[in-house]
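**Student:** Mind looking at a prediction? Sequence and model below.
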Amino acid sequence: MVSWERFDEGVKWYTTHMGWECLDQVQTPLGKKAFLKMPRQGVVTVKSFDSDIDHFINETAEEGNVRLCFEIGSIENTLNYFEQHGITYSKQVNLVNGLKTFDFYGFENARFTVFENPTEKDHYPDARLLGFGEINARIGVTDISKAVDWYTTHLGFLKVTEHPEKGYAHLQTEDAYDFNVHQQTLMDNIFLEKIVEPVRGNPAVRTYFDIRPDKFYETYNRLKDQHMELSEIAGNPLEGWGGFHFFDPDGNRINVWSYRMM
């Protein structure tokens, strides 16, 4: 997300520094959107809203502990570029699966999380973020076992592995885009990671989970029946795009959306 008055500037920043291609820009009653294609895989939507709908309001500046994850080809080349262009970044760490990862801060200080994929080192030399990573999202939680139970019970995620003693769990959920567009069942990977203190966050780089349009309102009402504090619905999934959000017990913002495939 970028601010309303700096939307065009934000789109230019990402096409220039990330090497993404702008496929289209639109302005709808829901706001401004630009669709930016990453070179290897995936499309990022840059959004800006001038609205009093709570789903679009940034009620806190805290980035929180939900990270949408991207892939780079070479940490060395990426960090050299960031140094040359004054883009700030965090210390590199290794995850339990061996992937090297770090955060950097993009336009208006939006936080991005990246993984290195050395097999892509010599591909797309003019791009920084190549596509979404093999881990789609990382979510920080204070109790691994309780979080696994919450996500599998309330959201229907599937548990792959759970290691409270090592401070992580691996969950999966179906990728709706591949199901709707390619009639394939592919799974997105989510890592739960142990943290000490919860944070009620509102990341500028947002992870969205899909609901099929014909299940949207049923899902919304089911979550409400489970006594979750839901935002109001933005848009209308039966006519185009619809979304809302809520928070897990650790204050992690869970965004969901639904949209009709054209």
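**Tutor:** Arrived safely.

**Student:** Point to the residue nearest the middle of the protein.
**Tutor:** The centroid of the chain falls nearest to T207 when counting by CA atoms, centre = their mean (2.4 Å).

**Student:** these two touch, right, that one and V66?
**Tutor:** Yes: counting by CB atoms under 8 Å, T207 touches V66, with 5.7 Å between them. The way it works is simple: take the backbone N, C-alpha and C, and place the C-beta from them, glycine included.

**Student:** Now for these two: what residues contact both?
**Tutor:** Here T207 and V66 have A137 as joint contacts, going by CB atoms under 8 Å, 6 or more residues apart in numbering.

**Student:** for the chain, which strand is longest?
**Tutor:** Looking across the chain with DSSP state E, the single longest strand is strand 131-141.

**Student:** what pLDDT, on average, does that strand get?
**Tutor:** Per-region confidence: strand 131-141 scores 93 on mean pLDDT.

**Student:** Can you list the buried residues in the helix or strand just after that strand?
**Tutor:** On the C-terminal side of strand 131-141, the nearest following helix or strand under DSSP states H and E is helix 144-154. By neighbour count on 16 or more other CB atoms under 10 Å, the buried set for helix 144-154 is I144, A147, V148, W150, Y151, H154.

**Student:** and helix 144-154 with strand 131-141, angle?
**Tutor:** Here helix 144-154 points in a direction 110 degrees away from that of strand 131-141 (axes from the mean of the first three to the mean of the last three CA atoms, to 10 degrees).

**Student:** Which other helices and strands does helix 144-154 contact?
**Tutor:** strand 158-163, strand 168-174, strand 187-194 (3 or more CB pairs under 8 Å, 6 or more residues apart in numbering; DSSP states H and E).

**Student:** out of those strands, nearest to I75?
**Tutor:** Of all those, it is strand 187-194 that lies closest to I75, at 19.2 Å by CB to CB.

**Student:** For that closest one, what does the pLDDT average out to?
**Tutor:** 94.

**Student:** how big is the angle separating that strand from strand 131-141?
**Tutor:** Using the same axes, to 10 degrees: strand 187-194 against strand 131-141 is 40 degrees.

**Student:** follow-up on the earlier one: among the helices and strands packed on helix 144-154, which is nearest V2?
**Tutor:** Closest among the helices and strands packed on helix 144-154, using CB to CB: strand 187-194, at 24.8 Å.

**Student:** what's next to the closest one, contact-wise?
**Tutor:** By CB under 8 Å, 6+ apart, the residues outside strand 187-194 that reach it are 95, 134-142, 144, 147-148, 151, 157-158, 160, 164, 167-175.

**Student:** distance between that strand and the chain's centre?
**Tutor:** 12 Å (CA atoms, centre = their mean, to the nearest Å).

**Student:** All the helices of this structure, residue numbers only.
**Tutor:** 7-17, 75-85, 144-154, 176-182, 216-225 (DSSP state H).

**Student:** Please tell me how far the closest residue to R206 other than its chain neighbours sits from F112.
**Tutor:** Once flanking residues are discounted, R206 sits nearest to N255: 5.3 Å by CB to CB, 6 or more residues apart in numbering. According to CB to CB, to the nearest Å, N255 and F112 sit 16 Å apart.

**Student:** Neighbour count for the two, which is higher?
**Tutor:** Using other CB atoms under 10 Å, the more surrounded residue of N255 and F112 is F112, with 22 against 17.

**Student:** picking that back up, in the longest strand of the chain, what's buried?
**Tutor:** Within strand 131-141, the residues scored as buried using 16+ other CB under 10 Å are G131, F132, G133, I135, N136, A137, R138, I139, G140, V141.

**Student:** so who does the residue nearest to G243 when sequence neighbours are not counted touch?
**Tutor:** Distance criterion CB to CB, 6+ apart; nearest residue to G243, sequence neighbours excluded, is W257 at 3.8 Å. Neighbour list for W257: Y208, F209, D210, I211, P237, W241, G242, G243 [criterion: CB under 8 Å, 6+ apart].
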